[in-house]
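Student: make a model of this:
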Amino acid sequence: MNTELRNLKYVKERLTYYLSKTSNKTIKQASVRDWYNAFVEMINNELISSANETEDNILNRKNKFMAYLSMEYLLGKLGEETLLNLKAKEIFRRAFEAFGVKLEDVLDLEPQTQLGNGGLGRLAACFFDSLSTLNLPAFGYGLFYRCGIYKQVIEKGMQVEKPDLWIKDKNIAVDKRKDISYKVNFGGRIENGATIETMKWLPAEEIKCNANDILMPGYGGKATLRVRLWEAERNDKSAPDIKKTITNITDFLYPPDMTDEGRRLRLRQEYVLVSASVQDLFARFRKTGLSINKIDSFLAVQLNDTHPTLAIPEIIRILMTDYAFSFEEAYKKMYKICAYTNHTLMAEALEKIGIPLFKSELPYHFAIIEKINSDFMKMAREKVADFKLEQIEVINYKKNFVNMGNLCMVATHKVNGVAALHSKLLKNKEFFLLSQLFPRKFINETNGITQRKWLLESNSELSSLITKTIGDKWITDLYQLKKLLKYKNDENFLEKFARIKRRNKEHLLSMIKAETGFSFSPDFILDSQIKRIHEYKRQFLNILQVIDRYNRICDGDTEGLQPKICLFAGKAPPTYDVAKDIISLINDVANVVNNDKRCRDLLKVVFVPNYNITKAQMIIPATEISEQISTAGKEASGTGNMKFALNGALTIGTLDGANVEIKKEVGAKNIFIFGLTAKQVYNLKEKGYNAQKYYDKNPRIQRIIEQIQAGVFSNGDKHKHDTVLNAFFNNNDTYMILPDFNSYVNTQLKLDALYGNQKLWWQKALINVANCGFFSSDRTIKSYAKDIWKIKEIKE
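Tutor: Okay, the predicted model is just below:
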């Protein structure tokens with residue numbers, strides 16, 4: 001990277017040059033928007049030059065490289081992150097000040113890059129920050145959605161979805177590659193040959209996919225990696241009656257898949273991602289000058305969940321059709337190249353594609369998968385009882401679908417879970433038979449977060465305090481935070497730590513007031529649950545506990561209660577009615593609580609609309625209690641739990657996902673665990689869990705449910721929240737809210753009691769910060785590089 005970016009004179013000269021180039025205005029005439037456009041042009045040109053140099057070093061020096069295939073990249077805003085990683089933020093601040101402009105005003109104009117829905121996409125973003133910082137040879141691949149995750153508007157307490165058109169004329173760190181495009185085919189038929197190698201695919205449709213690169217510089221600017229995102233366009237050769245489908249392929253993240261057309265569009269999205277990416281990977285490999293016979297020694301492909309599973313047959317197809325490999329040879333190379341990350345045990349996320357749809361859209365790929373399944377089942381029948389074979393087969397002919405999760409587990413050389421508990425459940429319960437057939441294949445790689453985004457950028461005051469106290473090596477080695485432990489009894493340090501949390505809270509509450517009109521006191525504890533709205537994440541349990549707290553206040557039973565703000569934020573999938581009703585219930589409860597004078601000094605509730613990365617960067621540094629309360633055994637890992645702990649929040653949670661490892665790292669006394677364990681949940685359901693019995697024995701929960709049913713929180717509408725209540729009762733409390741309720745409420749009271757001892761509270765908060773070294777994505781990526789990808793630092 002150009003070190004001149006840390007030279008004030010150079011930066012000022014280049015900014016004025018690009019101001020003239022992009023707007024033809026003088027310094028006095030220029031608006032903030034004009035300066036933003038000049039800034040984007042300057043930064044992008046610097047990043048493009050650095051990315052070209054990095055890619056040349058990877059390919060020309062014959063580094064083994066990794067390709068990360070992901071449907072999601074939840075990047076947020078990249079401007080400040082880029083400047084911090086280039087160590088140029090203060091220089092640019094001073095340069096803009098010289099022109100009478102605030103850097104913050106310039107950066108505020110950047111749109112959110114929201115090409116993701118939650119943890120999956122944010123993990124991918126953290127990974128590329130770590131990959132570039134560690135100077136590892138890698139390329140990312142995804143889709144360039146015209147509208148990413150929707151803009152959430154709350155109208156009358158209910159979620160309404162609006163398109164989020166994020167793409168502008170000027171986007172920071174986006175390089176629109178007019179020179180790179182590939183054709184992706186669909187439909188048609190295959191001419192049968194004597195073998196699969198001699199089959200010929202005659203597709204009926206052709207779509208052109210254009211490349212757009214997101215440029216990701218590492219901290220210190222040593223490497224800049226490209227995340228290549230594909231945008232589908234209409235090809236004039238395509239039949240006119242498919243115009244709408246082609247236009248829509250990269251318009252929206254995750255189209256609704258309840259209809260045949262929706263499922264077809266989803267499959268097309270996944271194949272566009274895979275086909276364009278694999279074609280590009282082969283093109284990049286050719287630049288190394290190496291023989292195609294060595295591709296499996298110089299290329300690793302990581303499938304981020306089941307969405308990119310089609311890379312398996314696509315790599316085989318290209319090796320057979322373009323390079324004349326036999327199926328057996330192609331399969332061996334693909335198997336050595338590909339690895340798979342499983343992110344969830346939830347059934348809806350383990351994709352199953354109907355056979356008729358698959359055969360009509362990708363007939364040759366279906367034939368390849370049939371061959372994989374046939375060969376695998378021959379082996380499996382020798383080791384697995386016939387009545388169990390349906391659990392592991394790739395193609396289920398009885399139920400008429402292709403099991404993409406099983407395909408990943410059968411046809412890749414490594415399968416990893418993303419937290420210790422998740423990986424254990426993956427091997428010992430959900431995919432026990434496959435793990436027995438492939439005992440060395442299944443491993444764990446606990447997720448991580450980048451401290452550069454989630455502490456250095458998000459919590460500048462705390463970052464400064466840490467750096468002044470122990471130095472700045474923590475920015476690239478998070479284990480350095482251990483040095484903070486010697487300050488846990490230093491009252492002066494703890495006071496500074498607490499004051500920073502309060503100022504962060506004040507900053508957040510001013511934003512909430514501007515958005516919602518409600519004022520909240522920073523004297524209240526801030527208790528936050530911010531994540532995708534889903535029944536298993538149990539926002540419903542949280543709001544039931546809030547109502548219970550409200551009832552105690554109304555009854556005058558307030559002894560021991562601390563003033564508390566219960567903050568919720570997150571988006572529900574547009575077609576997930578139960579999740580949307582949970583949002584509605586939260587807002588209804590908030591309306592009642594916040595307008596009840598009895599609660600004025602003890603309880604407030606707020607739902608922050610349109611949750612995104614920027615809002616997370618405000619909420620997380622301000623939060624004192626982190627809600628991580630999923631049903632044990634349902635959350636694969638979670639990374640929000642790590643971000644909160646790193647910023648000094650105390651966790652209340654179940655022993656689920658990475659909460660298990662947080663407990664190990666910070667110590668059992670410094671995390672607040674409640675409820676059933678995953679084993680207890682399993683055993684209770686095996687014995688025949690009866691939710692009604694739990695309900696009948698709990699008068700507090702009965703009172704809460706009866707209040708909801710009576711319309712206490714919905715202005716007398718007794719049926720407004722039937723959707724969530726019916727899901728709760730009719731499905732026998734699938735997510736085990738009733739067995740966990742009392743333990744959850746009692747653990748909340750323990751936190752109230754602890755908050756009364758401020759010194760002990762901030763000691764525990766500091767212990768959490770100091771013990772977060774394990775949760776850096778730098779550690780995660782080093783582990784992937786060693787255990788799965790076998791890649792090393794880029795040769796120069």
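Student: report the helix or strand with the lowest average pLDDT across this protein.
Tutor: helix 243-248 (a mean of 52; mean pLDDT, DSSP states H and E).
Student: tell me the first helix or strand C-terminal of the helix or strand where Ala300 lies.
Tutor: Element membership for Ala300, per DSSP states H and E: strand 299-304. Sequence-wise, the next helix or strand downstream of strand 299-304 (DSSP H and E) is helix 311-321.
Student: mean confidence score for the very next helix or strand once past that following helix?
Tutor: Per DSSP H and E, the first helix or strand lying C-terminal to helix 311-321 is helix 327-337. Helix 327-337 carries an average pLDDT of 98.
Student: now for helix 327-337, which elements pack on it?
Tutor: Counting contacts by 3 or more Cβ pairs under 8 Å, 6 or more residues apart in numbering; DSSP states H and E, helix 327-337 packs against helix 295-298, strand 299-304, helix 311-321, helix 363-380, helix 404-411. Just so you know, the C-beta spots here come from the backbone N, C-alpha and C atoms, and that holds for glycine as well.
Student: tell me which of these sits nearest to Gln152.
Tutor: Among the helices and strands packed on helix 327-337, strand 299-304 comes nearest to Gln152, with 24.5 Å by Cβ to Cβ.
Student: distance between that closest one and the chain's centre?
Tutor: 18 Å (Cα atoms, centre = their mean, to the nearest Å).
Student: point to the residue nearest the middle of this protein.
Tutor: Compute the mean C-alpha point of the chain, and by Cα atoms, centre = their mean the closest residue is Gly119, 2.2 Å away.
Student: which SSE is immediately downstream of the least confident helix or strand of the chain?
Tutor: Next along from helix 243-248, by DSSP H and E: helix 260-287.
Student: pull out the buried positions in that following helix.
Tutor: 263-282, 284-285 (16 or more other Cβ atoms under 10 Å).
Student: equivalent analysis for stretch 53-72, please.
Tutor: Using 16+ other Cβ under 10 Å as the test for burial, stretch 53-72 gives 54-55, 57-59, 63-72.
Student: select from those every entry located in strands.
Tutor: Counting by DSSP state E, the buried residues of stretch 53-72 place 65-69 in strands.
Student: to Asp527, which of the helices and strands packed on helix 327-337 lies closest?
Tutor: strand 299-304 (31.7 Å).
Student: so what touches the closest one?
Tutor: By Cβ atoms under 8 Å, 6 or more residues apart in numbering, the residues outside strand 299-304 that reach it are 64-72, 120, 123-124, 281, 285, 309, 311, 315, 337-341, 343, 408, 412, 784, 788-791.
Student: what residues are up against Ala572?
Tutor: 159, 532-534, 579-580, 582-583.
Student: and Ile180, by the same measure?
Tutor: Counted by Cβ under 8 Å, 6+ apart, Ile180 has contacts 210-211, 228, 280.
Student: let's see the pLDDT reported for the residue of the chain most remote from its centre.
Tutor: Here the chain reaches farthest from its C-alpha mean at Ala194, the gap being 45.0 Å by Cα atoms, centre = their mean. pLDDT, Ala194: 84.
Student: now Gly640
Tutor: Per-residue pLDDT puts Gly640 at 96.
Student: and the residue nearest to it when sequence neighbours are not counted, backbone torsions?
Tutor: Nearest residue to Gly640, sequence neighbours excluded (Cβ to Cβ, 6 or more residues apart in numbering): Lys531, at 5.6 Å. The phi and psi torsions at Lys531 (degrees, to the nearest 10) take the values phi -180, psi 170.
Student: Lys531 is in contact with Leu567, isn't it?
Tutor: No - between Lys531 and Leu567 there is no contact under Cβ atoms under 8 Å: 11.9 Å.
Student: the nearest residue to Pro163 once chain neighbours are set aside: neighbour count?
Tutor: Closest residue to Pro163 apart from its sequence neighbours, by Cβ to Cβ, 6+ apart: Cys147 at 4.7 Å. Cys147 has 18 neighbours, counted by other Cβ atoms under 10 Å.
Student: likewise for Lys531?
Tutor: 24.
Student: got a pLDDT number for it?
Tutor: pLDDT, Lys531: 96.
Student: contact partners for it?
Tutor: Contacts of Lys531 (Cβ under 8 Å, 6+ apart): 118-119, 537, 570, 638, 640.
Student: so how far is Gly517 from it?
Tutor: 24 Å (Cβ to Cβ, to the nearest Å).
Student: mind checking how far Asn447 is from Thr344?
Tutor: Distance, Asn447 to Thr344, using Cβ to Cβ: 12 Å.
Student: between those two, which one's more packed in?
Tutor: Per other Cβ under 10 Å, whichever of Asn447 and Thr344 has more neighbours is Asn447, with 27 against 22.
Student: quick revisit: nearest to Asp523, of the contacts of Ala572?
Tutor: The closest of the contacts of Ala572, once distances to Asp523 are taken by Cβ to Cβ, is Ile583, at 27.5 Å.
Student: nearest spatial neighbour of the closest one, chain-adjacent residues omitted?
Tutor: Distance criterion Cβ to Cβ, 6+ apart; nearest residue to Ile583, sequence neighbours excluded, is Gln159 at 5.0 Å.
Student: what's around that neighbour, how many residues?
Tutor: Gln159 is flanked by 26 other residues according to other Cβ under 10 Å.
Student: in a strand, it, correct?
Tutor: Yes - counting by DSSP: H, G, I helix; E, B strand; the rest coil, Gln159 falls inside a strand.
Student: what pLDDT does it get?
Tutor: So, for Gln159, pLDDT stands at 97.
Student: what's opposite it in the beta bridge?
Tutor: Ile154 (DSSP bridges).
Student: quick one: contacts for it?
Tutor: 152-153, 571-572, 580, 583-584.
Student: could I get those residues as a markdown table with secondary structure and pLDDT?
Tutor: Shown next, in a markdown table, are the contacts of Gln159 (DSSP: H, G, I helix; E, B strand; the rest coil; pLDDT from 0 to 100):
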| residue | secondary structure | pLDDT |
| --- | --- | --- |
| Gln152 | strand | 95 |
| Val153 | strand | 96 |
| Lys571 | coil | 96 |
| Ala572 | coil | 96 |
| Lys580 | helix | 98 |
| Ile583 | helix | 98 |
| Ser584 | helix | 98 |
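Student: now, which of these sits nearest Asp386?
Tutor: Closest to Asp386, out of all of these and judged by Cβ to Cβ, is Ala572, at 42.1 Å.
Student: any idea which element the closest residue to the closest one other than its chain neighbours lies in?
Tutor: Nearest residue to Ala572, sequence neighbours excluded (Cβ to Cβ, 6+ apart): Ala579, at 3.5 Å. Ala579 is part of helix 577-594, with elements assigned from DSSP H and E.
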